[in-house]
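> have a look at this fold, sequence not included:
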């Protein structure tokens, strides 16, 4: 299976200070680029030169996804231990659900912060409105 960075290459990621192994990077980069494509309605697909803002957006989203993966892993661990009568309590699935909701909200915020005023081919990347065309009658 060929994974190549859609918007951010592994070499660019490392140059920016990334620390993930190559395959881990490509798996997260794939997830991030799909989320960006949805929010930009595919305006970046097949673009020859990717704007710096998109690369920085991906870098930050990958780092946040890595942090959330670590948080979810910790959420599955023991929350507290009582040695008096020996008992363990675990973080509930509600905590994991809260982490997932927080993740989606933060990733959307990163996309908005980095791509809000970026224009590609004469159109804003995050434009979702309707264009009105003057009709000549």
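Sure, I can see it. Because the structure is a prediction, the values reported are computed rather than measured.
> flag the shaky bits of the protein, pLDDT-wise.
Applying pLDDT under 70 to the chain flags the ranges 1-5, 72, 74-93, 95-96, 130-137.
> where do the strands of it begin and end?
For the chain, strands defined by DSSP state E occupy the ranges 78-82, 87-90, 119-120, 123-124.
> and the third one, what does it pack onto?
Judged by 3 or more Cβ pairs under 8 Å, 6 or more residues apart in numbering; DSSP states H and E, strand 119-120 is in contact with no other helix or strand. Quick note: C-beta positions are derived from backbone N, CA and C, even for glycine.
> partners of it in the sheet?
strand 123-124 (antiparallel) (DSSP bridges).
> for the partner strand, what is the distance to the chain centroid?
Distance, stretch centre to chain centre, for strand 123-124: 21 Å (Cα atoms, centre = their mean, to the nearest Å).
> who touches that strand?
Outside strand 123-124, the residues within contact range by Cβ atoms under 8 Å, 6 or more residues apart in numbering are 43, 116, 117, 118.
> gap between the third one and residue 71?
Per Cβ to Cβ, to the nearest Å, residue 117 is found 31 Å from residue 71.
> compare the two (neighbour count), which wins?
Just comparing residue 117 and residue 71: by other Cβ atoms under 10 Å the higher neighbour count belongs to residue 71, 15 against 9.
> quick one: contacts for the more buried one?
Counting by Cβ under 8 Å, 6+ apart, residue 71 touches residue 99.
> what's the separation between it and residue 115?
Using Cβ to Cβ, residue 71 is found at 25 Å from residue 115.
> what of residue 128?
12 Å.
> looking at those two, which has the bigger crowd around it?
residue 115 (22 against 8).
> nearest residue to the more buried one in space, please, no chain neighbours.
Nearest residue to residue 115, sequence neighbours excluded (Cβ to Cβ, 6 or more residues apart in numbering): residue 125, at 4.7 Å.
> count of neighbours near the one you found?
With other Cβ under 10 Å as criterion, residue 125 counts 23.
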